[in-house]
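J.: Quick one, structure for this:
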Amino acid sequence: MNRPAFLLPLVALAFLAGQPARAANDDKVPYWASIDAEIANLRVGPGDSYRIDWVYRRPHLPVKVLRREGPWRLVEDPEGSKGWMRDLLLSRQRAAMVKDGSLIEMRAKGSSAAAMLWRVEPGVVGLLGECKEGWCPFDTDGHKGFVREEQLWGTGEP
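T.: Numbering: from 1, shown residues only. Take a look at the predicted model:
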């Protein structure tokens with residue numbers, strides 16, 4: 001056996017082991033994210049030199065990431081406003097917001113026959129679990145239950 005040919009797979013393996021691990025979906029847009037800061041600036045362009053267009057003071061507010069440019073993300077908020085935000089201000093933790101309309105019911109289980117726990121107002125933000133069969137686990141300030149998926153902004157395909 002030729003010694004250099006034998007070492008080639010080992011060298012390739014060592015090279016790959018030294019590469020940083022990346023999740024399969026790291027580069028794919030659009031995707032859902034949430035604001036992960038007490039105060040987050042939305043800018044008109046991808047850089048600190050661009051004017052601040054909006055200041056968010058709602059941790060866990062869901063946003064749709066539309067584009068990536070270096071450490072900057074072009075995001076869309078639940079109202080449809082778009083702008084640029086630093087990636088450090090965002091989390092991949094899923095969140096959702098109750099859509100405009102009337103009060104919605106939060107249930108003990110993912111079923112309309114389950115006990116109603118609370119009524120939740122439009123605009124309320126909460127952490128989102130994995131939605132199944134049209135129902136989503138929803139946690140708003142420790143009030144946990146299930147709500148209909150179509151009543152939330154931040155669910156489904158971005």
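J.: residues near I52, how many?
T.: A count of nearby residues for I52, using other CB atoms under 10 Å, gives 11. (C-beta placed from N, C-alpha, C; glycine too.)
J.: So it is in contact with R43, correct?
T.: Yes: using CB atoms under 8 Å, I52 is in contact with R43, at 5.7 Å.
J.: who does the strand of greatest length in the chain pair up with?
T.: In the chain, taking DSSP state E as the definition, the longest strand is strand 62-69. Sheet pairing of strand 62-69 (DSSP bridges) gives strand 31-35 (antiparallel), strand 72-76 (antiparallel).
J.: Pull out the buried residues from it.
T.: P62, V63, K64, V65, R68 (16 or more other CB atoms under 10 Å).
J.: Closest one to L103 out of those, please.
T.: P62 (19.5 Å; CB to CB).
J.: Pull the contacting residues for the closest one.
T.: W32, A33, S34, P78, R94, A95, A96, M97, V125, L128, W153, G154 (CB atoms under 8 Å, 6 or more residues apart in numbering).
J.: for stretch 41-52, how far is the first residue from the last?
T.: 6 Å (CA to CA, to the nearest Å).
J.: re earlier: mean confidence score for the longest strand of the chain?
T.: Average pLDDT, strand 62-69: 98.
J.: And for stretch 38-48?
T.: The average pLDDT within stretch 38-48 is 98.
J.: can you list contacts of that stretch?
T.: With contact meaning CB under 8 Å, 6+ apart, stretch 38-48 is reached by 50-57, 59, 69-70, 72, 74-75, 77, 81, 83-85, 89.
J.: 6 Å instead, please
T.: If you take CB atoms under 6 Å, 6 or more residues apart in numbering as the criterion, stretch 38-48 is touched by 50-57, 69, 72, 83-85, 89.
J.: Now a PyMOL select for only the buried ones of these.
T.: Remark: buried members of those, expressed as a PyMOL selection using 16+ other CB under 10 Å:
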select buried, resi 56+72+83+84+85+89
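J.: And the furthest pair within the contacts of stretch 38-48?
T.: Maximum pairwise distance among the contacts of stretch 38-48 (CB to CB): 24.8 Å, between R57 and E69.
J.: Now do the contacts for the spatially most central residue of the chain.
T.: Nearest residue to the geometric centre of the chain (CA atoms, centre = their mean): A33, 1.9 Å. A33 makes contact with V63, V65, L90, R92 under the criterion CB under 6 Å, 6+ apart.
J.: Mind putting those into TSV with distance to E38?
T.: Formatted as TSV, the contacts of A33 follow (distance: CB to CB, whole Å):
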residue	distance to E38
V63	16
V65	20
L90	14
R92	19
